[in-house]
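Asks: quick one, structure for this:
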Amino acid sequence: MNERVYSVAALLAEVNTLLEQGFSGIRVEGEATNVNPSGRGHVYFTLKDENAAMDCVLWASKAQRLKFRLEDGLAVLVRGSLTIYAQRGRFQMVVDDVQPQGVGALQLAFEQLKKRLESEGLFAAERKRPLPALPNRVGIVTSASGAALQDMLKVFKRFPFLEVVIAPATVQGAGAAAEIAAAIDHLVRSGRVNVVIVGRGGGSLEDLWAFNEEPVARAIASSTIPVISGVGHEVDFTIADFVADVRATTPTQAAEIVVARLEEQDRRLSDARDVLRRDITRHIRLARARLAGLAGSSGLAMVPQRIRLYRERLRRAARLAPALRAVFESATARLDNASRFLKRLPARIAAGGHRRLLASRRQQLQQLMAAQTRGYSTRIDACRRALDHLGPARVLERGYSITTLEGDTTPIKDASAVHGGQTLTTRLARGRVRSLVSSTSTVTPPTRRDPAAQPSLFEDATPPPGSTADERSET
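Replies: Down below sits the predicted model:
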């Protein structure tokens, strides 16, 4: 039995030594879960299978070397050493390398980046820029010593006036993606080109990997001028191919696409030149035929005589100029005299009989307005007297009254609308009477209208039998 007493730190240090000696450089396969990248670049995750799980950490220096993104649910094979995190006493594995199971790391990284950029819309057809109709200034991003550059230059030699700007960049190995992206940005910002070709020759997936990295894809997507991607061979597809505005199967085909636009313009110019030449030749032939026809005609012989006739008419017109000027001056003087006469004419007319006519018309208008005013006043007085005669106040003067429920202004016409205990207000010609209803009775109206049964306004109204009321006078 070991009688030694350990401190916690000493015990964990000794266990760590045993673990590192016995379990260093081991490989473990499982499913990555709870992947949690930290702000410092470290990646913490859990490696598990059907029966167990353990914590793992991938330091930032090792995580930067991964070509793919570690995600939850990914089956991986990890290599590292077992240790205990002393601050928490937790068992964990420090991972040195991670490899995906079932698919290569580069292929997995390719699929992950492709899916992410596609979800952002970088592959959408609507954002593709059309090539210019006359791409006379081309920028090339490729290796300055590669065969791809020489292949493209051979194609461009078919058009000597085509300006080619080369932005050399490393197209393979560490740092190649950053150089390619910087070269693209340089050509775009320079303003010297109107189309950019990005390409290199064929190779393995590792050789072409620089064109599958995100910096190159972002540089192509942010370019304000069209970009043609010509990477590898026909069977090779890169992220740059999906983001570029036009994909070419090889660098040579990328150059052919540019030259094809120029050849199309050249054909159009050639066709237009031929059409123009034919039209000019046809017009010349027609003009010569007309000239030949006029040479023997009698009308052409009369041309000198007609010229002499027109010259004589011009001389006569020149002699007529002073006479026409005198006639114009005479007409101008007569017009001025007539204008001054017309300005004095209204004063003469007003001084005559028109003034008396206006005075007569004004007097007639005043008389007519006075007569109409008197007629309207008479009609208004008659209407006022009729209203006074028919108004409720005049009816009250003859002994009638108006009864309403207290607080209401609607006259009561039917005893059934009143019940015992209600207070009535009766308006007389002079003053009001408040009554408390003790009971009511109704009278059945006659079946037909009998003028004789209608009470006269000049007869005394007698209350129906059986109705009584307590009355208090308000005057």
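
Asks: low-confidence regions, the protein specifically.
Replies: 1-3, 6, 22, 102-107, 295-301, 345-355, 389, 391, 393, 443-475 (pLDDT under 70).

Asks: can you give me the strands in it?
Replies: In the chain, the segments counted as strands under DSSP state E are 26-37, 43-48, 53-58, 74-85, 90-100, 137-142, 163-168, 195-200, 227-231, 246-248, 402-405, 423-427, 432-437, 469-474.

Asks: format the ones you listed as a markdown table; extra columns: distance to R290 and mean neighbour count.
Replies: In short, each C-beta sits where N, CA and C put it, glycine included. Formatted as a markdown table, the strands of the chain follow (distance: least, Cβ to Cβ, whole Å; neighbours: other Cβ atoms under 10 Å):
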| stretch | distance to R290 | mean neighbour count |
| --- | --- | --- |
| strand 26-37 | 88 | 15 |
| strand 43-48 | 91 | 19 |
| strand 53-58 | 93 | 19 |
| strand 74-85 | 88 | 18 |
| strand 90-100 | 86 | 18 |
| strand 137-142 | 49 | 25 |
| strand 163-168 | 49 | 16 |
| strand 195-200 | 51 | 28 |
| strand 227-231 | 55 | 27 |
| strand 246-248 | 54 | 20 |
| strand 402-405 | 112 | 15 |
| strand 423-427 | 115 | 17 |
| strand 432-437 | 118 | 16 |
| strand 469-474 | 122 | 11 |
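
Asks: output those strands in CSV; the columns should cover distance to K114.
Replies: Output for those, formatted as CSV (distance: least, Cβ to Cβ, whole Å):
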stretch, distance to K114
strand 26-37, 20
strand 43-48, 22
strand 53-58, 24
strand 74-85, 16
strand 90-100, 15
strand 137-142, 21
strand 163-168, 26
strand 195-200, 17
strand 227-231, 14
strand 246-248, 14
strand 402-405, 89
strand 423-427, 94
strand 432-437, 97
strand 469-474, 100
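
Asks: which one of these lies nearest to A371?
Replies: A371 lies closest, by Cβ to Cβ, to one member of these: strand 402-405, at 42.7 Å.

Asks: what does that closest one rub up against?
Replies: By Cβ atoms under 8 Å, 6 or more residues apart in numbering, the residues outside strand 402-405 that reach it are P392, L396, T410, P411, I412, V418, Q422, T423, L424, T425, T426, R427.

Asks: what is the burial count for the fifth one?
Replies: Yep, that's I412 we're talking about. Neighbourhood size, I412 [other Cβ atoms under 10 Å]: 17.

Asks: so how far is stretch 136-156 from its chain's centroid?
Replies: Distance of stretch 136-156 from its chain centroid, counting by Cα atoms, centre = their mean, to the nearest Å, is 42 Å.

Asks: buried residues, stretch 256-270. List them.
Replies: Neighbour-count burial for stretch 256-270 flags E256, I257, V258, V259, R261, L262 (criterion: 16 or more other Cβ atoms under 10 Å).

Asks: how far away is I412 from R430?
Replies: 21 Å (Cβ to Cβ, to the nearest Å).

Asks: one more: D207?
Replies: Note on D207: its distance to R430, by Cβ to Cβ, is 123 Å.

Asks: go on, V35?
Replies: 104 Å.

Asks: thinking again about what came up before, dump the contacts of strand 402-405 to JSON lines, plus distance to F123.
Replies: As requested, those are exported to JSON lines (distance: Cβ to Cβ, whole Å):
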{"residue": "P392", "distance to F123": "91"}
{"residue": "L396", "distance to F123": "97"}
{"residue": "T410", "distance to F123": "82"}
{"residue": "P411", "distance to F123": "88"}
{"residue": "I412", "distance to F123": "89"}
{"residue": "V418", "distance to F123": "89"}
{"residue": "Q422", "distance to F123": "88"}
{"residue": "T423", "distance to F123": "90"}
{"residue": "L424", "distance to F123": "92"}
{"residue": "T425", "distance to F123": "90"}
{"residue": "T426", "distance to F123": "95"}
{"residue": "R427", "distance to F123": "93"}
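
Asks: what is the nearest of the residues you listed to Q366?
Replies: Nearest to Q366 among the contacts of strand 402-405 is P392, at 42.5 Å by Cβ to Cβ.

Asks: re the thing from before, quick one: closest of the strands of the chain to L11.
Replies: Using Cβ to Cβ, the nearest of these to L11 is strand 74-85, at 9.6 Å.

Asks: name every strand pairing with the closest one and say which way it goes.
Replies: Strand 74-85 has the following strand partners under DSSP bridges: strand 26-37 (antiparallel), strand 90-100 (antiparallel).

Asks: residues in contact with that strand?
Replies: Against strand 74-85 from outside (Cβ under 8 Å, 6+ apart): 12, 15-16, 19-20, 23-32, 47, 55-56, 70, 90-102.

Asks: using CSV, write out the CA atom coordinates for it.
Replies: The C-alpha coordinates for strand 74-85 follow below in CSV (Å, rounded to 0.1, in the frame of the first residue of the first chain):
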residue,chain,number,x,y,z
LEU,A,74,-18.4,15.0,-39.0
ALA,A,75,-16.8,11.6,-38.8
VAL,A,76,-13.1,12.2,-38.2
LEU,A,77,-9.8,10.5,-37.4
VAL,A,78,-7.8,12.5,-34.9
ARG,A,79,-4.1,12.1,-33.8
GLY,A,80,-2.8,13.5,-30.5
SER,A,81,-1.9,12.9,-26.9
LEU,A,82,-4.0,12.3,-23.8
THR,A,83,-3.6,14.7,-20.9
ILE,A,84,-5.5,16.1,-17.9
TYR,A,85,-6.5,19.8,-17.7
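
Asks: kind regards, and thank you for your time.
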